[in-house]
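Undergrad: no sequence on this one, just coordinates:
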């Protein structure tokens, strides 16, 4: 059996945890499996490298940032291979480039173009465990690139697809996918299974278990994978194609994203093409926006409208600088932004066939006195924007509203104790 495993930063945070990972890998190798392991940088290393770069220059060159950040994973692959050598297991470490991962040239947020795992197969056939640096690849011009935050997930899924792996496991510091973040909602429940679409929505809406692009890749290439803990051997959550039984569950989970900012353009000329020019400029700069609201305007000689959108907080300055730089061309009169917001989302394929979900969500928040700033919906999710100071409370309120059995069980357990 060919197994692809991915270990996140907390799973390889120090030498003891790397030894633990090596022992887990050894179990599969010793039973005769071929094993490919993808690792992230040790916990905190990437943030430390970013801090150092910003200590030299507020906006470092993105190509050089990729060269810098790729070193974090390269440290981990070597240490993991050495830990396996200490157990008497042959292991070979590889960078993303050596593993055959080629990408486009969008530095810090590159997209995988091709995976050619020839060298990996050679090592596997020689009986070696292969340790691959996650989060990275290279362009056709041999420039180092990185795949964005959480990119090691994407590396693992892409390799599993290219190698036609029999098993793909994503190891992290939690035991699977939960109905909400268990660090904020203690009675959140672990899910046995979840569909690609639900996992994709949760990941893109702030759930930190998986990178959204990796789930999208898994869906496209039908890679079934399991999210599980590297700290124990309990079963995790299986992510797979939607099945009929999944529709019986109306809401699968609730996510929260505090890494959002809101931008509002005031008095944009209300004529065809205005929105296209605004979001075209952002798109050309490789800046992705999420929720968009355009207010109606009165019938005046020169009608105007306000356009609001959300963007990831790290890209707020780039977006505002870009828009202010072309303010006269776009014709808006003012720009405001707010980075003290959070996005809360409820997700479930069962919403396709059940009505009243949004109303239940809004009613629960109203009863808690929480105001909603923006609303966005799709076939299987409803997202809202609230003040960041109300975010944790909103998450708990909604979890209690949609998962009352979890809240009831928690109260019973508390009473017994």
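TA: Alright, I've got the coordinates. Predicted model only: the values in this text are computed from it and were never measured. Numbers count the residues shown, from 1 in each chain.

Undergrad: buried residues in the strand ranked longest in the chain?
TA: As assigned by DSSP state E, the longest strand anywhere in the chain is strand 253-269. Neighbour-count burial for strand 253-269, counted by 16 or more other CB atoms under 10 Å, picks out 253-257, 260-265, 267-269. Bear in mind the C-beta positions are built from the backbone N, C-alpha and C, glycine included.

Undergrad: what's the angle from the next helix-or-strand element following it to strand 253-269?
TA: As assigned by DSSP states H and E, the chain's next helix or strand after strand 253-269 is helix 274-284. Angle between the axes of helix 274-284 and strand 253-269 is 120 degrees (criterion: axes from the mean of the first three to the mean of the last three CA atoms, to 10 degrees).

Undergrad: list the buried ones in helix 274-284?
TA: Buried residues in helix 274-284, counted by 16+ other CB under 10 Å: 274-275, 278, 281-282.

Undergrad: Show me which of the residues you listed is closest to residue 294.
TA: residue 275 (6.6 Å; CB to CB).

Undergrad: I figured that closest one was touching residue 307, is that so?
TA: Yes: contact criterion CB atoms under 8 Å: residue 275 and residue 307 qualify, at 6.5 Å.

Undergrad: Look up the residues that both of those two are in contact with.
TA: 268, 294 (CB atoms under 8 Å, 6 or more residues apart in numbering).

Undergrad: gap between stretch 220-235 and the chain center?
TA: 15 Å (CA atoms, centre = their mean, to the nearest Å).

Undergrad: for whichever strand or helix holds residue 75, packing partners?
TA: For residue 75, the host element (DSSP H and E) is helix 62-86. On a contact count with 3 or more CB pairs under 8 Å, 6 or more residues apart in numbering; DSSP states H and E, helix 62-86 meets helix 15-30, strand 34-39, helix 45-56, strand 91-94, strand 129-133, strand 136-138, strand 144-146.

Undergrad: distance of the most centrally placed residue in the chain from residue 150?
TA: The chain has residue 211 as the residue nearest its centroid, 2.7 Å off, counting by CA atoms, centre = their mean. From residue 211 across to residue 150, the span is 3 Å (CB to CB, to the nearest Å).

Undergrad: do residue 171 as well
TA: From residue 171 across to residue 150, the span is 14 Å (CB to CB).

Undergrad: More neighbours: these two, which one.
TA: The neighbour comparison of residue 171 against residue 150 (other CB atoms under 10 Å) goes to residue 171, with 24 against 19.

Undergrad: The more buried one contacts residue 6, doesn't it?
TA: Yes: between residue 171 and residue 6 there is a contact under CB under 8 Å: 6.3 Å.

Undergrad: Next, the contact list for residue 304, please.
TA: Contacts of residue 304 (CB under 8 Å, 6+ apart): 267-270, 297, 333.

Undergrad: Where does the prediction get shaky in the stretch 251-400 of the chain?
TA: The model of the stretch 251-400 of the chain has pLDDT under 70 over residues 296-301.

Undergrad: domains for the protein, by residue range?
TA: 2-173, 245-417 (automatic domain parsing).

Undergrad: right, so of the ones you listed, which gets closest to residue 236?
TA: Taking CB to CB, domain 2-173 is the member of the domains of the chain nearest to residue 236, at 7.8 Å.

Undergrad: For the closest one, what is the distance to the chain centroid?
TA: 17 Å.

Undergrad: Do me a favour and get the end-to-end distance for that domain?
TA: Domain 2-173 has an end-to-end distance of 24 Å (CA to CA, to the nearest Å).

Undergrad: pLDDT (mean, whole number) over it?
TA: Averaging the model's pLDDT scores along domain 2-173 yields 96.

Undergrad: burial measure for residue 58, as a count.
TA: A count of nearby residues for residue 58, using other CB under 10 Å, gives 8.
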